[in-house]
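Asks: Next one to model:
(one chain, ligands or ions: 1)
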Amino acid sequence: MAQQYRITLLPGDGIGSEIMAVAVEVLKAVGKKFDLQFEFQEALIGGAAIDATGEPLPAASLDMCRHSDAVLLAAIGGYKWDTLPSHLRPEAGLLGLRAGLELFANLRPAQILPQLIDSSTLKPEVVEGVDIMVVRELTGGIYFGKPKGIFETETGEKRGVNTMAYTESEIDRIGTVAFETARKRRGKLCSVDKANVLEVSQLWRDRITKLAAKYPDVELSHLYVDNAAMQLVRAPKQFDTIVTGNLFGDILSDAAAMLTGSIGMLPSASLGASGPGVFEPVHGSAPDIAGQDKANPLAQVLSAAMMLRYGLNQPAAADHIEKAVLAVLERGDRTGDIMSPGMNLLGCQAMGKGLLKTLEEI
Ligand code: NAD
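Replies: Numbering: from 1, shown residues only. Next comes the predicted model:
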């Protein structure tokens, strides 16, 4: 009997519904091939939810997400909602979703596809073959530590304060996700911290080192964050999986992503301890091209592949999607954002159709 999965779709705003439509068709096609049955249910988030209900994440949407096997999100936001107070802006929907599903681990791959190597701003010989996964802690560290705020000192001067703090259990749970991820990849994990200066990093290093005993098949190394930033642009091929805290991960995952040079190609996954993960492209809602059939659907499609691999444990179906994306690029199909001379310029829908045909053929 076919394995059944309930998937909540959150198309959100801007190009969201266009790229989501492609990802859904792709999932249906691999479902047929791999005997997986998807039950899709759609919910509102972001600006679309604000327009319909006055809230960026209605309780019904969060509830639907909680009662599903995985959540596929497109993107939220747009000029129309930019002037609302921050708790009513589309971004608040995203934060509410992460908090509501307790998504503490953010997985951000940065892979150089040979067909798009010229999109990188770095020399081809530096980036060729780069395939990195940054595992970022998402719900702790300096973004949430207390005390936080702007306080007045005794002299009347203002003082801004944030606190970088991690408990042993917070480090252990992100460390476990990272070791498990490295195990599914090339078996190398680099933990990034600032243990030469920060006590919180000393604890981080200590716990990650202890965890390593449970994963003898994974080779663990440590780097200080300043060195890691240098190494990422100097010799990125040395990295397989990187694990780091919230602040360092925020910065390093964007730096790693930009090695590839093409935002329309980058997927991500956010995972909790149990319950559904959220899978979404790194890019935003691209309001400048919304409704024009110009969006690149591949980051959304690759997010669906991540959902199969990391959310539903269906690696063969994920591999199949990733192979089809490479094949489509190999024959020269491109959307505007990744276009180069001599290639075939396609819209979002045509790219989706080509992908479906390729999924059948390979
Ligand atoms: P953006 O990522 O939406 O767009 C940046 C540029 O990249 C634009 O020129 C856009 O046309 C292009 N682009 C992005 N995705 C593309 C795709 N799939 N295909 C082709 N071109 C693509 O970032 P922005 O313009 O800074 O933000 C627009 C809105 O998106 C804002 O409201 C912002 O808050 C929101 N945003 C949401 C998320 C999210 O949902 N996770 C992330 C970033 C930004």
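Asks: Provide the secondary structure category for F179.
Replies: When states are read from DSSP: H, G, I helix; E, B strand; the rest coil, the local structure at F179 comes out as helix.
Asks: what does the helix or strand that contains L97 rub up against?
Replies: Taking DSSP states H and E as the definition, one finds L97 inside helix 90-100. Under the criterion CB atoms under 8 Å, 6 or more residues apart in numbering, residues 10, 12-13, 45-47, 49-50, 55-57, 62, 65-66, 71, 73, 76-78, 81, 86, 103, 138-139, 270, 278 lie in contact with helix 90-100. The C-beta positions use only the backbone N, C-alpha and C, and glycine is treated the same way.
Asks: Check which element follows the longest helix along the chain along the chain.
Replies: The helix that spans the most residues within the chain, counting by DSSP state H, is helix 16-34. Moving toward the C-terminus from helix 16-34, the first helix or strand encountered (DSSP H and E) is strand 36-42.
Asks: mind listing the helices for the stretch 1-150 of the chain?
Replies: Listed in chain order, the helices found in the stretch 1-150 of the chain under DSSP state H, counting those that start in this stretch are 16-34, 47-53, 59-66, 90-100, 124-127.
Asks: Determine how far the third one lies from the middle of the whole chain.
Replies: Here helix 59-66 is found 20 Å from its chain centre; the criterion is CA atoms, centre = their mean, to the nearest Å.
Asks: A305 in helix, strand or coil?
Replies: helix.
Asks: who touches T358 in this structure?
Replies: So T358 contacts 324, 327-328 (CB under 8 Å, 6+ apart).
Asks: Export those residues as JSON lines, with columns for secondary structure.
Replies: Formatted as JSON lines, the entries for the contacts of T358 read as follows, by three-state DSSP:
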{"residue": "A324", "secondary structure": "helix"}
{"residue": "A327", "secondary structure": "helix"}
{"residue": "V328", "secondary structure": "helix"}
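Asks: now, which of those sits nearest the ligand?
Replies: Checking these against the ligand by CB to the nearest ligand atom gives V328 as the nearest, at 14.7 Å.
Asks: in stretch 138-158, what counts as buried?
Replies: Residues 138-142, 145 are the ones in stretch 138-158 that count as buried (16 or more other CB atoms under 10 Å).
Asks: Out of the residues you listed, the closest to P236 would be?
Replies: Each of those was scored against P236 by CB to CB, and L138 proved nearest at 22.7 Å.
Asks: Just put the buried residues of stretch 138-158 in JSON lines and tack on pLDDT.
Replies: Output for those, formatted as JSON lines (pLDDT from 0 to 100):
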{"residue": "L138", "pLDDT": "94"}
{"residue": "T139", "pLDDT": "92"}
{"residue": "G140", "pLDDT": "93"}
{"residue": "G141", "pLDDT": "95"}
{"residue": "I142", "pLDDT": "95"}
{"residue": "G145", "pLDDT": "92"}
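Asks: Quick one: mean pLDDT for the helix holding L97?
Replies: Helix 90-100 carries an average pLDDT of 92.
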